[in-house]
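Novice: return a 3D structure for these sequence lines:
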Amino acid sequence: MSAETWQLDTASTYSVPVGWYAAVGVPARANVVLMAALGVAAGFYRKFAADLAGRGFNVALMEQRGHGDSALRPSRRQDWGFAEVLDEDLPATLERVREKAPQLPLLLMGHSLGGHYAAIYAGLHAAQIDGVVMIATGSPWWRAFQGRTRRLVHQLTYLIPVAGLLLGYYPGERIGFGGREARTLMLDWRDLARSNRYSARGSRQDLEAGIAEYAGPVLAVRFADDPFAPQAAVEAVTGKFARADLVQRVLDAGQLGDKADHFRWARQASAVGQIVDDWQREKYHE
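Specialist: As a prediction, the model looks like this:
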């Protein structure tokens, strides 16, 4: 399935690439803005976007800065963090989606880091959206892990600022976690890893308070064999939603037909697509 491609101007000089997968075969039921995991290009989710489109969802697949079709690449001169995504990329994408299908409910959906963006944005702008879907979105908070993974997180919290000073960016492809990432983005990630509290450099807003006040529907999908988002890490995020209508689902290898880890679910996109489909029908009594 081919997508309509957009280059959306943001509040700065950056244009965010977005692929638009219009609902096909059935009437459109909802709009979805889908965001990628750390170090992952939007193209990784094409199969999932097409599956959702076949279920009646219009999907705007947003490229993250520094990856895929983005014109940016992290360097000492090109830097950004959570704030640029929340204040520039997402608003530009949401505005275009509303223009395309303003009558439909709008869901923010993200995998891993993309799920964190969805949670934060919902807390800041609850009136703009109708629901949140987080896929394998676990806090990197060190206390949520055990053994080797806990040691890896500890090491990363020390490596991130050093790499930023020496190189001007985070060399995830060399370290073995994430990709080549902007130094400020990784410092924002590091704050979460150290304290389980969201921060976005350049923003003075209380991100945690906003999430706690969000009262809309939230779906959190976890995978049974996921070392990066085990139960404790996912609950460290879902626990922030004090007032939300929260639904949690767990998929195992039997349900996926593959190892139920952080990335392989996208090969079996229909399993997650079915969970989203069922949740949407239940919430809107379809």
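Novice: all contacts plus neighbour counts: C-alpha atoms, from now on.
Specialist: Noted.
Novice: what residues of the longest helix along the chain count as buried?
Specialist: Ranked by number of residues, the top helix in the chain under DSSP state H is helix 147-167. For helix 147-167, a neighbour-count test (16 or more other CA atoms under 10 Å) marks 150, 153-154, 156-157, 160-161, 163-164 as buried.
Novice: quick check, central residue of the protein?
Specialist: Closest residue to the average C-alpha location of the chain: G114 at 1.0 Å, with CA atoms, centre = their mean.
Novice: which one is that one nearest to, not counting chain neighbours?
Specialist: M35 (4.6 Å; CA to CA, 6 or more residues apart in numbering).
Novice: so what touches the longest helix of the chain?
Specialist: Helix 147-167 is contacted from outside by 75-76, 140-144, 169-171, 183, 186-187, 190, 193-194, 227-228, using CA atoms under 8 Å, 6 or more residues apart in numbering.
Novice: which of those are buried? Put it as a PyMOL command.
Specialist: Here the buried members of these are turned into a PyMOL selection, burial being counted by 16+ other CA under 10 Å:
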select buried, resi 75+140+141+142+143+144+169+170+171+183+186+187+190+193+227+228
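Novice: which of the contacts of helix 147-167 fall within strands?
Specialist: Taking DSSP state E as the definition of strands, the contacts of helix 147-167 contribute 169-171.
Novice: quick check, nearest of these to W279?
Specialist: Y170 (37.2 Å; CA to CA).
Novice: what is that closest one paired to in the beta sheet?
Specialist: When assigned by DSSP bridges, Y170 has beta-bridge partners E181.
Novice: and the gap between it and I160?
Specialist: Per CA to CA, to the nearest Å, Y170 is found 6 Å from I160.
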